[in-house]
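> Take this sequence and fold it.
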Amino acid sequence: MEQLLGCSAFELARRIRERQVAAREVVDAHIARIEAVNPVINAVVAQRFDAARAEAEHIDEQREHPAQPLLGVPFTVKEMIEVESMPSTYGCTSRRERIAKRDATTVARLRAAGAIPLGVTNVPEWGMWYETENLVYGLTRNPHNPAHTAGGSSGGEAAIIGAGGSPFGLGSDIGGSIRMPAAFCGVYGHKPSNGLVPLTGHYPVVPDGNPEPRPVNPYVVVGPLTRQPDDLMPLLRIIAGPDPLDPNSTALPLHSEQVDWRGRRVFLLENPGILLAGAPEPAVAQAVLRAANVFADHGAIVERFPKTFFEDAIDLWTAALQSIGTPAMAELVAPVQNGTRPISIAAELARAFRGRRNHTWPILGFCALERLTRKSESALHKTLERIAALTRRFHELLGSDAILILPPHPRTAPRHHQPLLHPFSFGYTAALNVLRVPATVAPFGFDSDRLPLSIQITAGHGNDHLCIAAAGLLGHSSQTSTALS
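Predicted coordinates for the structure are as follows:
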């Protein structure tokens with residue numbers, strides 16, 4: 001079983017196609033692992049194990065296996081990405097009974113490639129916090145140390161992959177929601193270039209049953225989380241591509257992840273200097289410096305990136321979300337029968353202090369933040385101009401062939417609820433959502449407490465292959481291990 005849990009997804013598929021192992025055996029091994037670790041980490045919140053076993057048996061009964069790249073390989077999905085007949089509550093009590101009627105486009109594409117979904121994984125309420133806890137499913141714990149957070153909002157996904165219960169999964173990212181959990185749980189996570197992967201079926205961005213294309217959030221992306229770096233690019237190729245129901249999705253070229261680092265520029269920023277986000281812990285900064293040496297050893301030209309480049313990331317990110325024109329969070333989390341009437345933050349806070357809360361503290365804080373940071377039309381216009389200028393400058397510096405390495409977070413996985421003391425630390429990842437560029441997180445060793453250290457890699461828009469190739473280089477030069485072994 002341990003051999004199966006350590007394989008890459010595409011190696012598992014090869015073994016199944018060549019009948020070296022049965023699909024049912026692969027599925028059973030991962031289900032057994034989930035059943036062993038989930039009582040501790042609370043990552044998988046709804047399962048379809050019986051259906052997955054039946055689908056695996058159907059594969060094994062075929063006289064000839066189809067040439068599907070993920071034949072018989074199990075996977076898991078963040079609960080905000082729809083899997084037919086599975087819960088899709090996004091951790092909100094007012095949507096507790098909601099069930100997905102169909103697969104998200106990305107899930108459908110993985111199924112068409114032969115993959116088998118095992119279940120859906122936990123999220124913070126409405127996906128808007130970097131610790132995974134809600135009043136529907138409870139708290140998700142880090143597989144390396146259950147006293148620490150798994151991150152958010154794809155925290156359940158990263159936790160079950162980090163614990164060896166799933167070879168890969170789908171997450172989504174609006175401010176670091178793939179990358180922070182990947183970093184905290186010691187797995188690989190890729191935020192694609194915006195528009196590369198369709199959002200159809202990522203509730204609430206493209207609502208279930210919506211018959212017509214409609215504008216969607218341009219700062220949200222769906223992307224893969226994996227145990228092995230070599231799975232990232234093949235998975236991205238499967239889920240990428242235009243979808244008629246997502247007008248922002250496009251056919252960006254995906255280049256080979258085979259990259260020659262000799263003479264290539266690698267920019268270094270071990271301390272991004274983001275206002276309100278805090279400085280990185282020494283171990284985190286040192287990991288980035290060690291990563292730079294790996295690239296230098298492979299012939300890259302390492303250069304310093306301007307330290308203050310991302311200093312206004314938090315202000316720019318809040319303005320970017322305001323510019324979308326979607327309903328305020330206080331409206332989104334309100335009971336459906338309220339229509340568009342938002343919750344009263346004061347009333348909800350009063351309920352919470354009486355021990356009768358309907359919402360988590362982070363989501364109430366986010367509702368308040370939305371109001372406090374709301375800009376006038378003229379101020380918003382000026383801030384969007386600053387974002388456009390920063391994006392142009394970023395692409396001028398990196399061009400089409402360079403990467404930038406930086407921390408994904410100022411610290412390794414904090415203890416539970418400590419993120420409330422550092423609410424703006426997500427600026428290390430949110431800065432790249434504002435620019436709408438690709439970014440990959442790769443595990444890169446451990447700190448003195450045996451918590452994962454990770455590196456964040458970014459590049460110009462459309463250069464996902466560079467980020468993924470860099471993650472592979474770091475991954476193959478660093479020792480990682482499955483948690484809770």
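
> Show me what the helix ranked longest in the chain is packed up against.
Longest helix of the chain, by residue count under DSSP state H: helix 377-398. Applying 3 or more CB pairs under 8 Å, 6 or more residues apart in numbering; DSSP states H and E, we find helix 377-398 packed against strand 265-268, helix 313-324, helix 427-435. Backbone N, C-alpha and C define where each C-beta goes, glycine included.

> which of the residues in the lowest-mean-pLDDT helix or strand in the chain are buried?
In the chain, no helix or strand scores lower on mean pLDDT, DSSP states H and E than helix 345-353, which sits at a mean of 83. Buried residues in helix 345-353, counted by 16 or more other CB atoms under 10 Å: 345, 348-349, 351.

> now those in JSON lines, with distance to Thr326?
Formatted as JSON lines, those follow (distance: CB to CB, whole Å):
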{"residue": "Ile345", "distance to Thr326": "18"}
{"residue": "Glu348", "distance to Thr326": "20"}
{"residue": "Leu349", "distance to Thr326": "24"}
{"residue": "Arg351", "distance to Thr326": "26"}
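
> The protein: strands as residue ranges?
Assigned by DSSP state E, the strands in the chain fall at 44-47, 74-78, 116-121, 133-134, 138-139, 168-173, 188-191, 221-226, 265-268, 301-304, 403-406, 439-446, 452-459.

> closest one to Glu25 among the ones you listed?
Closest of those to Glu25 is strand 74-78, at 11.1 Å (criterion: CB to CB).

> Show me which positions of the closest one end up buried.
74-78.

> helices or strands up against that strand?
helix 23-41, strand 116-121, helix 155-162, strand 168-173.

> most tightly surrounded among these?
Neighbour counts (mean count of other CB atoms under 10 Å) averaged over each of the helices and strands packed on strand 74-78 peak at helix 155-162, with a mean of 35.

> tell me what that helix is packed against?
If you count contacts as 3+ CB pairs under 8 Å, 6+ apart, helix 155-162 packs onto helix 23-41, strand 44-47, strand 74-78, strand 116-121, strand 168-173, helix 179-185, strand 221-226.

> re the thing from before, ok, of the buried residues of strand 74-78, which one's closest to Asn145?
Comparing the buried residues of strand 74-78 against Asn145 with CB to CB places Thr76 closest, at 21.1 Å.

> Name the residues that touch stretch 271-278?
The contact list for stretch 271-278, computed with CB atoms under 8 Å, 6 or more residues apart in numbering, reads 279-280, 285, 307-315, 406-407, 410, 422, 424-428, 431.

> Swap in 10 Å and give it another go.
Contact with stretch 271-278 is made by 279-280, 284-285, 288, 305-315, 404, 406-407, 409-411, 422-431, 456, as judged by CB atoms under 10 Å, 6 or more residues apart in numbering.

> Would you mind measuring from the nearest residue to Ser478 once chain neighbours are set aside to Ser94?
Closest residue to Ser478 apart from its sequence neighbours, by CB to CB, 6 or more residues apart in numbering: Phe444 at 4.7 Å. From Phe444 across to Ser94, the span is 40 Å (CB to CB, to the nearest Å).

> same deal with Gly460?
40 Å.

> For ChimeraX, write a command that selects the buried ones of the contacts of stretch 271-278.
Buried residues within the contacts of stretch 271-278, by 16+ other CB under 10 Å, are selected in ChimeraX with:
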select :280,284,285,288,305,309,310,311,312,313,314,315,404,406,407,409,410,411,422,423,424,425,426,427,428,429,430,431,456
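
> pLDDT score for Gly355?
On pLDDT, Gly355 comes in at 82.

> Could you report the neighbour count for it?
6 (other CB atoms under 10 Å).

> now do Ala67
With other CB under 10 Å as criterion, Ala67 counts 8.

> Please name the nearest non-neighbouring residue to it.
Arg17 (7.5 Å).

> quick one: that neighbour and Gln68 touch, right?
Yes. The criterion here is CB atoms under 10 Å, and Arg17 meets it with Gln68 at 8.1 Å.

> Pull up the overlap in contacts between the two.
In terms of CB under 10 Å, 6+ apart, Arg17 and Gln68 are both contacted by the residues 59, 114.

> Spatially central residue in this structure, please.
Ile178 (1.5 Å; CA atoms, centre = their mean).

> Arg19 versus the residue lying farthest from the centre of the chain, what's the distance?
Ranking residues of the chain by C-alpha distance from their mean position (CA atoms, centre = their mean) puts Arg63 at the top, at 37.7 Å. Using CB to CB, one gets 11 Å for the distance from Arg63 to Arg19.

> just checking, Trp261 touches Leu474?
No. Here Trp261 lies out of contact with Leu474, judged by CB under 10 Å, at a distance of 11.4 Å.

> which of these two has more neighbours?
Taking neighbours as other CB under 10 Å, Trp261 and Leu474 compare with Leu474 leading, 25 against 20.

> show me what contacts the closest residue to that one other than its chain neighbours?
Closest residue in space to Leu474, ignoring its immediate chain neighbours: Ala442 at 4.5 Å, by CB to CB, 6+ apart. Listed by CB under 10 Å, 6+ apart, the contact set of Ala442 reads 182-183, 186-190, 229, 232, 291, 405, 408, 454-457, 467-468, 470-478, 480.
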